[in-house]
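J.: Below: sequence and its predicted model.
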Amino acid sequence: MNAINDKQTLSTRDIQALDSAHFLHPFTDFKDLAARGARVITRGEGIYVWDSEGDKMLDAMSGLWCVNVGYGRKELADAAYQQMMTLPFYNSFFQTTNVPAVKLAARLAALAPKVGERSFEHVFYSSSGSESNDSNVRMVRRYWDLLGQPRRKVIIGRMNAYHGSTMAGASLGGMTGMHAQGDLPIPNITHIEQPYFFEKGLPGETADEFGFRAARWLEEKILAVGPERVAAFIGEPVQGAGGVIIPPATYWPEIQRIVDKYGILLISDEVICAFGRVGHWFAYEKFGYKPDLVTFAKGVTSGYIPLGGVMVGNRVAEVLIEKGGEFNHGYTYSGHPVACAVALANLDLMEREQLPQRVKGELGAYFARRYAELNEHPLVGLAETCGFMAGLVLVKNKQTRERFGSDATLVGMVCRGHCFRNGLIMRAVDDRMIIAPPLVMTTSDIDEMMRLIRLALDLTHKDLKEKGLL
Ligand code: PXG
């Protein structure tokens with residue numbers, strides 16, 4: 001195709017042709033997408049997005065777990081415009097800084113709850129969750145080197161966790177499909193099983209009993225590796241991309257006991273869970289643990305512009321500052337002034353509209369109540385929420401909890417197809433259907449979303465019967 005002028009109006013087919021000719025999408029079978037043609041999303045307003053054919057969809061995934069304040073918020077666009085006109089970029093490498101980056105660091109430090117002796121006075125900036133977790137690996141290893149324990153290199157993560165797609169991020173995560181492409185994990189990263197009660201609970205075992213048992217897999221791994229070699233444990237408070245896996249209440253306190261016993265660092269990857277998603281500014285507060293490092297991205301700017309970082313707790317910060325000398329790590333865009341200005345405007349908005357409080361309070365309770373009604377549906381094995389994250393398992397037999405086995409991915413895709421065709425964006429992770437709606441939803445938005453979810457489940461039920469899968 002000829003060179004494209006960016007003012008030119010293109011038809012959906014033109015865009016799709018250019019898309020498959022030039023744009024390699026993330027986590028995509030390129031040939032398959034070229035054959036189908038990508039859906040072209042052109043506009044967003046509130047909790048809805050529109051495609052190039054004019055179809056309107058309720059975005060129950062907040063973009064990709066990030067558009068916490070909803071689409072079309074002028075305050076965020078204004079903040080970006082103002083900052084671009086004042087100072088669009090300057091680096092923070094060579095003894096310089098910029099005002100939005102400083103204000104945001106101080107603001108985040110004030111928002112992060114102090115737990116016991118641990119507080120978060122410092123921020124290390126990046127532009128994404130993946131980069132932030134790379135920074136975590138660098139900081140954790142530097143910390144132990146500076147303390148004269150260079151053998152402490154091993155970081156323990158969990159299977160089916162997602163910590164990003166860079167070499168370190170994908171290694172920390174436990175996605176076997178990612179490990180298989182690219183000789184991952186990199187050395188000195190190992191994994192334990194996830195705390196997925198529906199799948200791994202034993203007959204007669206309570207969720208709380210399972211939570212203890214799952215946490216003790218960490219202790220077994222520490223002992224197998226050798227405690228003197230273990231540097232850190234990393235986990236998402238609630239696993240997001242893995243399918244909204246909500247751990248039992250006993251899990252995180254027991255993890256805390258174990259990391260304390262062996263003196264290892266605890267990294268809370270809150271790329272999805274922070275900034276109101278589970279009803280708190282930071283999710284470790286909800287689950288009652290005391291991380292040393294907290295990864296953030298996504299919701300800090302509601303996805304309007306890329307920004308990520310790590311809240312560095314005083315245990316690590318004091319060592320890096322007092323003993324470290326120069327830390328040989330950073331990114332061109334660390335502390336990007338426009339991204340930080342947008343984040344400040346986003347936090348203003350979230351504070352003004354009390355979004356974390358809404359999720360924690362009556363609105364969150366309403367959502368949980370409405371979502372729990374799905375437990376009556378014949379296809380649903382378990383429907384559960386944590387703040388404004390929710391997941392359900394599609395099952396073949398509700399009474400016996402029999403699952404779809406090798407058809408699980410297909411079944412999820414069938415359900416996802418019915419969602420899309422009826423104007424609802426809901427994700428499928430194998431046989432789990434998941435949502436993370438914008439935090440600005442009203443009760444009538446929730447009612448509408450639940451109507452669409454129920455419709456998609458009914459259509460999926462009918463479809464699976466016809467396909468002979470039920
Ligand atoms: N940690 C967590 C907990 C995440 O959810 C990342 C790190 C990486 O962030 P960046 O900004 O580098 O993408 C994430 C990202 C999905 C999906 O399929 C989830 C994410 C990204 C892409 C797809 O649910 N989460």
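T.: That came in fine, so what should we check first?
J.: contacting residues for the closest residue to residue 37 other than its chain neighbours?
T.: Computed as CB to CB, 6 or more residues apart in numbering, the closest residue to residue 37 that is not its neighbour in sequence is residue 16, at 3.7 Å. In short, each C-beta sits where N, CA and C put it, glycine included. If a contact means CB atoms under 8 Å, 6 or more residues apart in numbering, then residue 16 has 37, 38, 40 as its contacts.
J.: tell me the average confidence for stretch 381-401?
T.: The average pLDDT within stretch 381-401 is 97.
J.: Now do the buried residues in it.
T.: For stretch 381-401, a neighbour-count test (16 or more other CB atoms under 10 Å) marks 381, 383-396 as buried.
J.: same question, stretch 85-95
T.: Within stretch 85-95, the residues that count as buried by 16+ other CB under 10 Å are residue 92.
J.: which residues does the residue in the stretch 251-400 of the chain positioned nearest to the ligand contact?
T.: Closest residue of the stretch 251-400 of the chain to the ligand, CB to the nearest ligand atom: residue 271 (3.5 Å). Residues near residue 271 by CB under 8 Å, 6+ apart: 65, 129, 132, 164, 236, 240, 295, 296, 297, 298, 308.
J.: let's see it at 7 Å
T.: Counting by CB atoms under 7 Å, 6 or more residues apart in numbering, residue 271 makes contact with 129, 295, 296, 297, 298.
J.: What parts of the stretch 201-350 of the chain come near the ligand?
T.: 236, 240, 241, 269, 271, 272, 297, 308 (CB under 6 Å from any ligand atom).
J.: Any idea what the nearest residue to the first one once chain neighbours are set aside is bridged to?
T.: Among residues not flanking residue 236 along the chain, residue 269 sits closest, at 4.8 Å (CB to CB, 6+ apart). Beta-bridge partners for residue 269, by DSSP bridges, are residue 295.
J.: In this model residue 296 seems to touch residue 269, though I could be wrong.
T.: No. Look at residue 269 against residue 296 with CB atoms under 7 Å: they stay out of range, at 8.8 Å.
J.: Which one of the two is surrounded by more residues?
T.: residue 269 (33 against 29; other CB atoms under 10 Å).
J.: Could you tell me how far the more buried one is located from residue 129?
T.: Distance, residue 269 to residue 129, by CB to CB, to the nearest Å: 7 Å.
J.: thinking again about what came up before, can you tell me which of the residues of the stretch 201-350 of the chain next to the ligand is nearest residue 451?
T.: residue 240 (24.7 Å; CB to CB).
J.: what secondary structure does the residue lying closest to that closest one once chain neighbours are set aside sit in?
T.: Leaving aside its chain neighbours, residue 240 sits nearest to residue 272 (3.9 Å; criterion: CB to CB, 6+ apart). Secondary structure, DSSP: H, G, I helix; E, B strand; the rest coil: residue 272 is coil.
J.: which residues touch residue 272?
T.: By CB under 7 Å, 6+ apart, the neighbours of residue 272 are 65, 236, 240, 298, 436.
J.: Just give the closest residue to residue 323, not the sequence neighbours.
T.: residue 146 (4.6 Å).
J.: neighbours around that neighbour, how many?
T.: 16.
J.: Got the phi and psi for it?
T.: phi -70, psi -30 (degrees, to the nearest 10).
J.: Against residue 292, how distant is it?
T.: Distance from residue 146 to residue 292, by CB to CB: 14 Å.
J.: Kindly report the same for residue 129.
T.: 18 Å.
J.: quick one on the thing from earlier: could you single out the nearest of the residues of the stretch 201-350 of the chain next to the ligand to residue 402?
T.: So of those, ranked by how close each gets to residue 402 (CB to CB), first place is residue 241, at 25.4 Å.
J.: Could you pull up the contacting residues of the closest one?
T.: residue 162.
J.: So it belongs to a strand, correct?
T.: No. Read with three-state DSSP, residue 241 is coil and lies in no strand.
J.: For it, give its distance to residue 298.
T.: Distance from residue 241 to residue 298, by CB to CB: 12 Å.
J.: So which bits of the stretch 51-200 of the chain are right by the ligand?
T.: Counting by CB under 6 Å from any ligand atom, the residues of the stretch 51-200 of the chain near the ligand are 64, 128, 129, 130, 133, 162, 163, 164, 169.
J.: before we move on, the earlier item: check what pLDDT the residue nearest to residue 323 gets.
T.: 98.
J.: so it sits right up against residue 322, yeah?
T.: No. Counting by CB under 7 Å, residue 322 is not a contact partner of residue 146; they are 8.9 Å apart.
J.: neighbours around residue 165, how many?
T.: Considering only other CB under 10 Å, residue 165 is surrounded by 18 other residues.
J.: OK, contacts around it?
T.: Counting by CB under 7 Å, 6+ apart, the residues that residue 165 touches are residue 130.
J.: What are the contacting residues of the helix or strand harbouring residue 101?
T.: Remark: residue 101 resides in helix 99-111, with elements defined by DSSP states H and E. For helix 99-111, the external contacting residues (CB under 7 Å, 6+ apart) are 83, 92, 120-121, 123, 125, 281, 311, 335, 337, 340-341, 343-344, 347.
J.: can you tell me the residue of this protein closest to the ligand?
T.: Counting by CB to the nearest ligand atom, the chain gets nearest the ligand through residue 129, at 2.3 Å.
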